[in-house]
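K.L.:
pasting a predicted model and its sequence here:
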Amino acid sequence: MKAACGIAMFLAIAGPATAADAQSPKVLQRMALEAADLLKDVDYTNQICDATLTATFDWGGAPEDELFKYSPEGYCEAALRAIQQVCGDPAGKTEVKRQIKSLTCGFGATRSIALKNGVIDYKINFSSANNIEFVYEFLENKL
């Protein structure tokens, strides 16, 4: 029953049909747990930044064989921690509130980040390092 609730929460967070729909119940449960943890992370970021950001995963292209080796939430949390760092400065906090509305964490062959129309599109690569610094530097140059 608990797994079914987690899967339902994941599907509610993920929205309409995604690549995850074809995954096994075990993978769906893992995705649901990661998404739930991400919601806690974004709540904390909103407290720090006095903002109303949202954060989601785009599970398309997720390397299923690595979802149990690594924590997608931990990699996505790095982006939120970088946002928190920017909010440590009053001018940075103002810019975060003005320019960032949401964060989408997806998966790519290489790590990448973009900000367009208030949405940060962050592509996770499990072999990347210094993710907080990578996102922070991007935000410092972009905001």
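P.N.:
That came in fine, so what should we check first?

K.L.:
which stretches of the protein form strands?
P.N.:
For the chain, applying DSSP state E gives strands covering 54-57, 102-107, 112-116, 119-124.

K.L.:
can you pull the pLDDT of residue 79?
P.N.:
Predicted confidence (pLDDT) for residue 79: 97.

K.L.:
still on that earlier bit, mean pLDDT and distance to residue 27 added to the strands of the chain, as CSV?
P.N.:
All C-beta atoms are positioned from the backbone trio N, CA, C, and that covers glycine. Formatted as CSV, these follow (pLDDT from 0 to 100; distance: least, Cβ to Cβ, whole Å):
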stretch, mean pLDDT, distance to residue 27
strand 54-57, 96, 13
strand 102-107, 97, 13
strand 112-116, 97, 24
strand 119-124, 97, 16
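
K.L.:
now for those strands, which one comes closest to residue 91?
P.N.:
Of all the strands of the chain, strand 112-116 sits nearest to residue 91, with 16.9 Å by Cβ to Cβ.
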